[in-house]
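Trainee: give me a model of this one.
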Amino acid sequence: MTPRLLEQYRNEIIPKMMDKFGIKNKFAVPKLEKIVVNMGVGEALTDIKILDKAMEELAAITGQKPVIRRAKKAISNFKIKQGQPIGCKVTLRRAIMYEFMDRLINVAIPRIRDFRGVPGDSFDNAGNYTLGLSEQSIFPEIDYDKITRSQGMDITFVIKNAKSKEQSKELLRLFGMPFEA
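Mentor: So this is what the prediction gives:
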């Protein structure tokens, strides 16, 4: 079964992007390549169970098993040794990516308290967008009573074929991303 957002991309978003930016070939239209969800768990240095809990919650949110991220270099000020586990991440592609994006935009983001829109200036020079969330409890997959500590995460939307930040922003806006006015 094809995800709803993928159908919307093929039937509505591609023609709108071609008209707006004067793109002649539908394969040159910017496209969502992958979504990377990253949790930095600094407290895992003292208690590894915190990292295990974060990985369990990230697996419930994304529907995919996370990978442990380890420190590349030793940083004495933060008491980090090289190779120590300091976080976890998940890379979503294809159908799972579109399902996650659908749940994020239509279910999770509206549950944020005092929400006025996501910042529109978090694009890098390649046109990728990174969204930071302060807590995992906005996702319906997480049982609020079982949360031991609030854990934030970064969600990066990697966009392929984007010639500018405007094209990337328009693509995400057409998917339904609620940018602040």
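Trainee: how about residue 131, nearest residue that isn't a chain neighbour?
Mentor: residue 155 (4.7 Å; Cβ to Cβ, 6 or more residues apart in numbering). The way it works is simple: take the backbone N, C-alpha and C, and place the C-beta from them, glycine included.
Trainee: isn't there a strand covering that neighbour?
Mentor: Yes - looking at residue 155 with DSSP: H, G, I helix; E, B strand; the rest coil, it is inside a strand.
Trainee: got a pLDDT number for it?
Mentor: At residue 155, the pLDDT value in this model is 92.
Trainee: can you report how many residues neighbour it?
Mentor: Per other Cβ atoms under 10 Å, the neighbour tally for residue 155 reads 21.
Trainee: beta-bridge partners for it, please?
Mentor: Beta-bridge partners recorded for residue 155 (DSSP bridges): residue 37, residue 131.
Trainee: and it, how far from residue 28?
Mentor: In this view, residue 155 and residue 28 are 26 Å apart by Cβ to Cβ, to the nearest Å.
Trainee: correct me if wrong: residue 132 contacts residue 152.
Mentor: Yes - assessed by Cβ atoms under 8 Å, residue 132 is found in contact with residue 152 at 6.7 Å.
Trainee: okay, and for the chain, where does confidence drop off?
Mentor: By pLDDT under 70, the chain has no low-scoring segment.
Trainee: show me where it has its helices.
Mentor: With DSSP state H as the criterion, the chain has helices at 4-8, 14-21, 48-62, 94-103, 165-175.
Trainee: report how many residues lie close to residue 150.
Mentor: 9.
Trainee: and if you look at the one 4 residues further on?
Mentor: Residues lying near residue 154 (other Cβ under 10 Å) number 16.
Trainee: excluding chain neighbours, what is closest to it?
Mentor: Nearest to residue 154 is residue 38, by Cβ to Cβ, 6+ apart, at 4.6 Å.
Trainee: number of residues surrounding that neighbour?
Mentor: 19.
Trainee: which residues sit in contact with it?
Mentor: Applying Cβ atoms under 8 Å, 6 or more residues apart in numbering to residue 38 gives the contacts 69, 87, 88, 89, 153, 154, 155, 156.
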